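[1] Take a look and give me a structure for this.
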Amino acid sequence: MNSLKCGLKIKRMARICGFVPKMRYPGTGLDRIETMNEALNQKPHIALISSTLDLSFLKDAFNASGLCARLSIYPEAGFETADVAVAWNPPHGLLATMPNLRLVHSIAAGLDNIFADPRLPSLPVCRVVDDRHALGMAEYAIWSVLLFHREMDRHLQNATLKCWERPSQIPARDYSVGILGFGAIGRTVGRSLLALNYNVRAWARSPKEEAGIITYYGDEQLPVFLSGCNAVICLLPLTGATRGIMNAKLFAHLPKGAAIINMGRGEHLVEADLIEAIESGHLRGAVLDVFAKEPLPEESPLWDHPKIFTTPHIASMPDPKDVVAQIFENATRVLAGMPPLNEGDRDSGY
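    Residues are numbered from 1 along each chain as shown. Prediction:
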């Protein structure tokens with residue numbers, strides 16, 4: 001694609017993304033127009049960097065989209081001159097060696113794996129925000145809640161024993177689901193469960209409000225929140241304050257027979273405490289989609305536990321087309337001197 005076609009493609013994409021008319025630049029009149037045209041005609045150099053994932057699928061998505069960007073995949077030669085690093089678990093210290101870097105972008109909603117780098121440069125770090133991804137998370141949450149609310153865990157075990165049992169059913173309005181972490185995804189999950197008539201409550205670090213959902217915040221209100229949960233869904237960001245939060249102390253505040261659903265990060269959960277709480281009879285069981293070490297090691301006791309259901313981090317996955325569109329938009333914004341969208345906060349860790 002020649003430079004003229006590439007420039008036109010970028011401008012069309014920019015208008016589709018909806019940010020060209022909103023651009024604000026230093027100066028006035030022709031200065032702004034000239035700056036905008038210069039920015040839109042640039043071909044951003046984007047490096048795909050991960051120590052744990054093969055990010056070539058994003059290169060394929062970029063190529064399929066027709067977006068005009070120069071792409072490098074770490075550790076191929078030339079990545080170090082990139083303007084933008086698209087990262088997932090980047091090697092610590094690597095980003096600090098890239099002299100032209102203007103932006104660091106996650107491939108998903110989580111930023112903890114990037115903020116964990118002690119030598120992370122003082123640059124914007126952005127996440128992907130995808131409504132369809134949030135809806136996928138809600139679908140997984142609904143399936144997990146139904147597993148315990150409708151006692152499908154019990155029926156699946158009975159089937160292996162050829163045991164015919166028909167326990168009484170509890171209406172959704174009498175089944176309380178608690179959501180730990182009430183950001184954009186937490187709200188989507190909460191609204192989806194509320195639409196199915198579940199009794200929904202949520203907890204966050206700071207005050208939140210949502211029609212129809214009882215909200216709690218702060219350490220003092222956490223025990224009260226937990227005491228009324230039949231099932232708890234973890235959607236917290238991973239920070240120093242939330243690492244290991246699902247432990248024996250937290251489980252003790254839950255009523256007997258409660259269930260755990262972890263869709264946040266594996267590091268939120270103390271696995272040994274979970275197993276002990278289940279085997280003691282205090283907790284009913286768990287659905288786990290994320291783990292401290294992925295892939296889950298073959299020797300992990302979680303694989304074979306009859307009351308723990310594991311899935312391989314598939315609760316929801318953003319569409320690569322949407323991911324590259326957001327990355328490209330933010331790359332273009334930064335090169336135009338504009339602030340990027342969906343920037344994370346280093347102090348909070350998300």
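[2] In three-state terms, label the residue sitting nearest the centre point of the chain for me.
    The C-alpha lying nearest the average C-alpha coordinate of the chain belongs to residue 109 (C-alpha atoms, centre = their mean; 3.6 Å). Assigned with DSSP: H, G, I helix; E, B strand; the rest coil, residue 109 falls in the coil class.
[3] Correct me if wrong: it contacts residue 185.
    Yes - Residue 109 lies in contact with residue 185 (C-beta atoms under 8 Å); the separation is 6.7 Å. Just so you know, the C-beta spots here come from the backbone N, C-alpha and C atoms, and that holds for glycine as well.
[4] what do these two both touch?
    By the contact definition C-beta atoms under 8 Å, 6 or more residues apart in numbering, residue 109 and residue 185 are jointly contacted by residue 133.
[5] Could you tell me how many residues sit around residue 112?
    The tally of other residues near residue 112 (other C-beta atoms under 10 Å) stands at 20.
[6] Stretch 95-109: which residues count as buried?
    By neighbour count with 16 or more other C-beta atoms under 10 Å, stretch 95-109 contains the buried residues 95, 98, 101-109.
[7] List just the nearest of those residues to residue 48.
    Distances from those to residue 48 were compared by C-beta to C-beta; the smallest belongs to residue 107, at 8.5 Å.
[8] quick one: contacts for the closest one?
    Taking C-beta under 8 Å, 6+ apart as the definition of contact, the neighbours of residue 107 are 53, 55, 58, 86-88, 128, 318, 323.
[9] Pull the most distant pair out of these.
    Farthest pair in the contacts of residue 107 (C-beta to C-beta) is 87 and 318. Separation: 15.1 Å.
[10] more crowded one of those two?
    More crowded of residue 87 and residue 318, by other C-beta under 10 Å: residue 87, with 27 against 18.
[11] what's the closest non-adjacent residue to the more buried one?
    Computed as C-beta to C-beta, 6 or more residues apart in numbering, the closest residue to residue 87 that is not its neighbour in sequence is residue 49, at 4.7 Å.
[12] if I look at that neighbour, how far off is residue 326?
    Residue 49 sits 17 Å away from residue 326 when distances are taken as C-beta to C-beta, to the nearest Å.
[13] Can you report how many residues lie near the nearest residue to the residue nearest to the centre of the chain once chain neighbours are set aside?
    Spatial nearest neighbour of residue 109, excluding adjacent residues (C-beta to C-beta, 6+ apart): residue 127 at 5.2 Å. Residue 127 sits with 21 neighbouring residues when counted by other C-beta under 10 Å.
[14] show me where the stretch 251-350 of the chain has helices.
    Under the criterion DSSP state H, counting those that start in this stretch, the stretch 251-350 of the chain contains helices at 271-279, 320-335.
[15] Go through the helix or strand hosting residue 64 and flag the buried ones.
    In this assignment (DSSP states H and E), residue 64 forms part of helix 56-65. Neighbour-count burial for helix 56-65, with 16+ other C-beta under 10 Å as criterion, is recorded at 58-59, 61-62, 65.
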